[in-house]
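>>> model this:
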Amino acid sequence: MANGKNLKERAIKDRLTVEDVIKSIMPSWNFPHDWFVWPPDTFLMTSTILKRTGCYRYVLSKNFTTNLHKQGAIEDSAIAWIKDIDPQLQEPHKPISANFLTDNTLLYDAIEKLKRLSGKVAVYDLNALRTEEEENGNEEIHQRARALCSAIVTIHVIADEACSGFGLMNSSSSEVAFVHYLANLLLTSRGTLSAVSKYHGVVIPKLRTPQSGLSLRSFSHHVTYHTTEVEVIWRTLPWDNIEENTINILAVPYPYEVEAKYFRLERESFEPVRYFKYKKEDSETTLDQVIKLLENIDKGIGRVHILAFPELALKKESDYDYLLGELRKKRMQGKLKHVPMVITGVRCEDKGEFNQVRLAAYFASRWYNLAQHKHHRWKLDSNQIRQYSLEGRLSTSREWYENISIDQRRLTFLVPNGWLALCPLICEDLAQLEPVSEVIRGVGPTLLVALLFDGPQLKERWSARYASVLADDPGTAVLTLTSAGMAKRSRDLSKDTHDPNSEIGKTVALWKDQITGWNSLRLGETKEAILLTASADWVEEYTADGRSDHRNASVFKFEGKRRFSLEGTTTEESEGKVEEEASDVEDYQPDFEWRGNWLDIKELSAATFALDTLVKLEGHKAEIITDWLSIDEL
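Down below sits the predicted model:
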């Protein structure tokens with residue numbers, strides 16, 4: 001048994017090298033050859049070293065930079081790399097070889113340095129790396145560490161450039177179509193571009209690059225690396241006008257009334273906390289009114305791309321089925337030219353009770369669905385109980401937790417084109433940084449929609465603070481949407497009186513983007529929906545080492561808003577009248593032939609990427625493309 005002295009001696013002698021770390025990830029792989037067969041694997045390997053040592057900060061010293069003068073060489077090396085891989089992928093029974101890298105001078109030289117030095121440089125030496133002016137001690141060790149850091153960063157940025165366009169539609173030429181197709185299939189099926197086990201991290205596409213601060217995210221334009229418990233769901237679907245760069249979002253802050261009786265006490269327990277459930281039993285005709293409004297807007301103003309409801313807006317699965325079924329029926333009858341995506345909160349009772357965000361997209365007479373569970377329970381403390389006037393239902397002397405199941409944490413990205421990457425969240429998940437915040441900031445989706453069951457959406461409240469973090473870095477446009485009923489229930493505890501009809505209580509949504517800043521969405525006097533318009537601009541971003549993305553970053557900006565009444569009368573900002581139609585939502589039974597599950601949109605995404613590849617190759621190699629679709633592992 002080791003004593004204290006032996007442990008100390010063991011720790012001193014045990015100098016873990018960079019090669020040790022790399023080999024521990026995939027012990028069966030031939031080092032370094034096998035790590036350069038597939039660029040996302042290479043990026044995972046370099047990211048592991050750079051993130052654990054932090055030596056990337058040395059890149060900004062005068063001794064090593066990849067500035068604009070070197071960008072052309074880096075891009076040329078990346079293009080040559082994937083051009084050499086592509087024809088090998090067309091030989092399905094032949095293993096991919098990395099021997100071609102001998103002709104890729106910049107990459108080959110960096111690999112040779114990695115091979116020569118990684119077994120001689122300890123991880124600690126990279127972690128403690130400083131500039132030459134600050135170095136003390138063994139100069140030979142410092143020189144090796146600096147040279148190895150330079151090689152790893154060079155490999156890292158070339159691998160990033162090689163992954164340019166992965167995960168996006170219409171992003172590759174015919175020369176590298178097979179590389180992109182394989183990458184997109186891996187991403188669709190596994191939630192990572194890499195073939196390495198997800199236990200060691202995931203490599204996923206990236207749309208925005210931080211323009212301030214210094215982190216590993218600052219050194220790549222196209223992909224990002226994360227070790228996370230979160231299951232990444234990356235999906236795409238056909239988008240009929242990729243060049244329009246504009247979206248219209250119809251925000252419906254339903255329910256418009258929230259009564260205290262909807263908050264119900266749950267089971268007693270010996271735990272120090274108790275549980276509550278939100279359950280709204282009574283039915284309204286609001287869904288029919290919304291559908292009629294969509295018809296009017298579709299005929300008069302134009303296409304609504306996204307129909308958004310707040311958290312828990314639909315009280316059960318049948319409401320959701322009814323909404324999708326009626327939208328499909330209107331489309332089949334010719335009353336709707338465009339069927340919007342639907343983002344809504346749903347209370348679901350299926351092998352447990354779940355608070356979900358549902359994202360549905362309509363294509364070819366069929367709905368394709370994504371479901372994401374809430375990641376954190378809402379905790380009602382004494383201040384919130386008073387804020388929402390729930391003292392008569394819930395004791396202020398106890399802490400109350402939302403009684404929902406916490407399932408596997410998933411993060412959904414719907415990316416139909418290069419300018420729209422949509423990520424939904426539910427209320428508490430926006431406030432809790434763990435475990436999704438790092439992944440969201442790494443990917444940099446262009447639009448994040450947070451569905452809330454919260455008070456008015458004001459710039460000084462919590463939701464605005466967290467939205468601002470993501471809007472500033474990585475530059476994601478954020479829309480927070482709550483129900484009118486909860487906004488009206490909320491009161492200012494510093495005041496003795498409460499006016500549910502105040503202007504503050506009518507502020508049901510808040511938009512924040514990098515260009516126009518804050519924009520509040522406020523209701524008028526009636527039951528209304530708000531149509532928000534935003535457009536995407538292309539901006540140029542630079543990595544910390546000075547490489548441009550050639551103006552390829554999409555950033556949304558607010559364009560305007562209009563209010564529409566759902567009660568048959570119009571506000572001064574709305575056009576047309578919405579007529580009520582009677583319906584029986586409670587007894588609605590869907591035809592599940594048109595309402596698929598989350599596996600269907602996975603298959604649609606794979607098929608969409610396959611079709612994109614077939615178009616680029618003008619139908620050539622169709623048998624290989626279709627064969628890859630049938631591989632279960634993909």
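>>> contacts and neighbour counts: CA atoms only from here.
OK.
>>> check contacts around the nearest residue to residue 378 once chain neighbours are set aside.
In space, residue 378 comes closest to residue 402 once its chain neighbours are excluded; the distance is 5.2 Å by Cα to Cα, 6 or more residues apart in numbering. Applying Cα atoms under 8 Å, 6 or more residues apart in numbering to residue 402 gives the contacts 275, 276, 277, 278, 377, 378, 379, 380.
>>> buried subset of the residues you listed?
Buried residues within the contacts of residue 402, counting neighbours by 16 or more other Cα atoms under 10 Å: 275, 276, 277, 278, 377, 378, 379, 380.
>>> Let me have these in JSON lines, extended by secondary structure and pLDDT.
Formatted as JSON lines, those follow (DSSP: H, G, I helix; E, B strand; the rest coil; pLDDT from 0 to 100):
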{"residue": "275", "secondary structure": "strand", "pLDDT": "89"}
{"residue": "276", "secondary structure": "strand", "pLDDT": "90"}
{"residue": "277", "secondary structure": "strand", "pLDDT": "89"}
{"residue": "278", "secondary structure": "strand", "pLDDT": "89"}
{"residue": "377", "secondary structure": "coil", "pLDDT": "93"}
{"residue": "378", "secondary structure": "coil", "pLDDT": "93"}
{"residue": "379", "secondary structure": "strand", "pLDDT": "91"}
{"residue": "380", "secondary structure": "strand", "pLDDT": "91"}
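>>> What is the burial count for residue 244?
Residue 244 has 10 neighbouring residues, counting by other Cα atoms under 10 Å.
>>> do residue 364 as well
7.
>>> hmm, back to that, distance of the residue nearest to residue 378 relative to residue 428?
Look at residue 402 and residue 428: by Cα to Cα, to the nearest Å, they are 11 Å apart.
>>> Between those two, which contacts overlap?
Counting by Cα under 8 Å, 6+ apart, the residues touching both residue 402 and residue 428 are 377, 378.
>>> all helices of the stretch 201-350 of the chain, in order?
286-300, 317-332 (DSSP state H, counting those that start in this stretch).
>>> how many neighbours does residue 459 have?
17.
>>> Am I right that it is in contact with residue 465?
Yes - using Cα atoms under 8 Å, residue 459 is in contact with residue 465, at 7.4 Å.
>>> still on that earlier bit, return the member of the buried ones among the contacts of residue 402 nearest to residue 611.
Of all the buried ones among the contacts of residue 402, residue 377 has the smallest distance to residue 611: 41.0 Å, by Cα to Cα.
>>> Without its sequence neighbours, what residue ends up closest to the closest one?
Distances taken as Cα to Cα, 6+ apart place residue 402 nearest to residue 377, at 5.3 Å, with adjacent residues excluded.
>>> Now the one you found: phi and psi?
Note on residue 402: its backbone torsions stand at phi -60, psi 130 [degrees, to the nearest 10].
>>> now it: how far from residue 447?
Counting by Cα to Cα, the gap from residue 402 to residue 447 is 27 Å.
>>> For the contacts of residue 402, give me a markdown table that also has distance to residue 254.
As requested, the contacts of residue 402 are exported to a markdown table (distance: Cα to Cα, whole Å):
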| residue | distance to residue 254 |
| --- | --- |
| 275 | 24 |
| 276 | 21 |
| 277 | 18 |
| 278 | 14 |
| 377 | 21 |
| 378 | 19 |
| 379 | 22 |
| 380 | 21 |
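>>> From the residues you listed, pick the one nearest residue 362.
Comparing the contacts of residue 402 against residue 362 with Cα to Cα places residue 278 closest, at 29.6 Å.
>>> Quick check: the closest one touching residue 260?
No - in this structure, residue 278 is not within contact of residue 260 by Cα under 8 Å, at 9.5 Å.
>>> element containing the nearest residue to residue 104 once chain neighbours are set aside?
In this structure, residue 104 finds its nearest non-sequential neighbour in residue 77, 6.2 Å apart by Cα to Cα, 6+ apart. Per DSSP states H and E, residue 77 falls inside helix 68-89.
>>> Tell me which other helices or strands that helix touches.
Applying 3 or more Cα pairs under 8 Å, 6 or more residues apart in numbering; DSSP states H and E, we find helix 68-89 packed against helix 105-117, helix 139-162, helix 177-190.
>>> what about 7 Å?
Packing partners of helix 68-89 (3 or more Cα pairs under 7 Å, 6 or more residues apart in numbering; DSSP states H and E): helix 139-162, helix 177-190.
>>> buried ones in it?
By neighbour count on 16+ other Cα under 10 Å, the buried set for helix 68-89 is 71, 73-75, 77-86, 88-89.
>>> try stretch 484-495
484, 485, 486, 487, 488, 489, 490, 491.
>>> any weak-confidence spans in the stretch 151-300 of the chain?
Flagging of the stretch 151-300 of the chain using pLDDT under 70 yields the residue ranges 242, 267-271, 281-284.
>>> Just the terminal-to-terminal distance for stretch 414-433.
Stretch 414-433 has an end-to-end distance of 21 Å (criterion: Cα to Cα).
>>> tell me which residues form a beta bridge with residue 203?
residue 225 (DSSP bridges).
>>> And the next helix or strand past the helix or strand bottoming out on mean pLDDT in the chain?
In the chain, the helix or strand scored least confidently by mean pLDDT, DSSP states H and E is helix 4-13, which has a mean of 62. Using DSSP H and E, the helix or strand that follows helix 4-13 in sequence is helix 18-25.
>>> what mean pLDDT does that following helix have?
Averaged across helix 18-25, pLDDT comes to 96.
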